[in-house]
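Enquirer: 3D, please:
(one chain, ligands or ions: 1)
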Amino acid sequence: MSKRYEAMVLSCMDPRFQKPVHKYLKEKKLTGKYSAFTIAGGSIGVTNEKFKKWHSTFWENLETSIKLHKINKLIVINHKDCGAAKIVNGNKKFNSLIENKIHKNYRILGGGSNILFTTNFNGLTIHIANKGISIIKESIKDVIVEISAGENWHDIVLWALKNNLGGIENLSLIPGSVGAAPIQNIGAYGVELKDVFFCCEALNVKTKKIKKFYLEDCEFEYRSSIFKTKEKNNYVIMKVFLKLNKEPHNYNINYGELKKNLKHKKKSIQNISKAIIKIRKSKLPDITKIGNAGSFFKNPMVELNHYENLKKTFKDILGYESENNKIKIPAGWLIEKLGYKGLNFGNVGVYKKQALVIINNGKAKGIEVLKIAKKIQNDVKTNFDINLEYEVNIL
Ligand SMILES: Cc1cc2nc3c(=O)[nH]c(=O)nc-3n(C[C@H](O)[C@H](O)[C@H](O)COP(=O)(O)OP(=O)(O)OC[C@H]3O[C@@H](n4cnc5c(N)ncnc54)[C@H](O)[C@@H]3O)c2cc1C
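Expert: All right, here's what the predicted structure looks like:
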């Protein structure tokens, strides 16, 4: 299996840059081939040495970046006080003190499918855009696959299906990047990332050293990991290594609707994936048409006696035995019971087919979405004495 290319793209870019950049790309006949440009790596200096002088060698860096990393897709993320923008606009003074201060404030962005932006951000956005997938170890039973963090998760699922490698078929059609998958231990239809996770390589943003995190280091839990708790924002995941199995595959089809869907079909990882894609498409809004971040809240876990008390009042309440003798209650059930399903509050709505998904009707600001999320949280607390936790990352 051949590796494609590797690149880490750090974008710190002012909107005023875009015109000269596009002009440059046009001159170089790169328009269409390169979607945009980024000043890569300058601010935390994790890529090529050359980038450290980016403020004085801006155009050179553009070319170097394109050549060095063989990048065919660059994504632009802006922030208004970027020093480079000031230089391009005629200010020859580069104040590294100010620049360092701005770039101390950073955030990490994958595909953005699990983030709610509620305020403007004046700082550095680290976007992971490295690509590549290769099998690095193989036995009769399984393979270890090395995947760059910038790959799209669902593309990897499709790649695994094509190569008849099992383990992630139940995680079909989850939006986002591979690098974000360990952050909340993505899961669906009875499978979680931790079930196939071997290790990941992550860059410590402060020390700039790469560290390997094995399964036991990651503290994976339901929609959580060390990267969402103790080490939140301290590491940029650069590569993920998965252990995928060869035939005979282990199928996980206990989920009611999935079982029903596969009743008259041959059991195979490809058919499981097809069924899951069909179910997900029927239940979840299409992110390219309706803005949403998937499940807004985690399913809460309550003590058995709390659940039994609730059952006295709400006879149809759902609950499943979970870790530490706790009962997991579907958050969607609680929200639906309170009558939110399909309701609209101006620009924000609760999806008509799944109450756990808050949708943007087109023009909602992040803060408006958050307001509705808080309202739901308060109502759930008042009526069920349950604290709903956000699954979505609020920025
Ligand atoms: C319609 C829809 C359905 C969904 N269904 C599911 C589902 O079934 N199961 C599930 O678990 N999730 C689901 N999600 C949530 C989402 O798909 C996952 O959380 C996904 O892993 C997010 O990937 P991303 O690249 O978009 O991450 P982002 O939204 O960009 O980032 C999420 C978090 O991870 C951090 N992060 C991102 N990349 C890296 C990196 N390389 N290194 C360090 N930190 C990083 C960010 O700082 C942020 O805190 C769904 C979302 C949508 C919109």
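Enquirer: sketch out the low-pLDDT regions of the protein for me.
Expert: 1-25, 28-104, 122-124 (pLDDT under 70).
Enquirer: spell out which parts of it neighbour the ligand.
Expert: When proximity is defined by C-beta under 6 Å from any ligand atom, the chain lies next to the ligand at 108-115, 128, 149, 174-177, 179-181, 183-184, 186-188, 235-237, 284, 287, 292-294, 393. C-betas here are computed from N, CA, C, even on glycine.
Enquirer: pull out the buried members of those.
Expert: 108-115, 128, 149, 174-177, 179-181, 183-184, 186-188, 235-237, 284, 292-294, 393 (16 or more other C-beta atoms under 10 Å).
Enquirer: tell me the residue of the stretch 251-395 of the chain that sits nearest the ligand?
Expert: The stretch 251-395 of the chain approaches the ligand most closely through Gly294 (2.5 Å), counting by C-beta to the nearest ligand atom.
Enquirer: how about that residue, what does it touch?
Expert: Going by C-beta atoms under 8 Å, 6 or more residues apart in numbering, Gly294 touches Ser113, Asn114, Pro175, Leu284, Val357, Glu391, Val392.
Enquirer: could you do Tyr189 as well?
Expert: By C-beta under 8 Å, 6+ apart, the neighbours of Tyr189 are Asn170, Leu171, Asn252, Tyr255, Leu258, Ile276.
Enquirer: which residue, other than its chain neighbours, is closest to it?
Expert: Asn170 (4.2 Å; C-beta to C-beta, 6 or more residues apart in numbering).
Enquirer: how about Ile358?
Expert: With C-beta to C-beta, 6+ apart, the residue lying closest to Ile358 is Phe296, at 4.7 Å.
Enquirer: ranges for the strands of the stretch 201-350 of the chain?
Expert: Counting by DSSP state E, counting those that start in this stretch, the stretch 201-350 of the chain has strands at residues 210-214, 235-245, 291-295, 301-302, 320-321, 327-328, 344-345, 348-350.
Enquirer: turn the ones you listed into JSON lines, columns for distance to Leu338.
Expert: What follows is the strands of the stretch 201-350 of the chain, written out as JSON lines (distance: least, C-beta to C-beta, whole Å):
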{"stretch": "strand 210-214", "distance to Leu338": "39"}
{"stretch": "strand 235-245", "distance to Leu338": "37"}
{"stretch": "strand 291-295", "distance to Leu338": "16"}
{"stretch": "strand 301-302", "distance to Leu338": "17"}
{"stretch": "strand 320-321", "distance to Leu338": "20"}
{"stretch": "strand 327-328", "distance to Leu338": "19"}
{"stretch": "strand 344-345", "distance to Leu338": "14"}
{"stretch": "strand 348-350", "distance to Leu338": "10"}
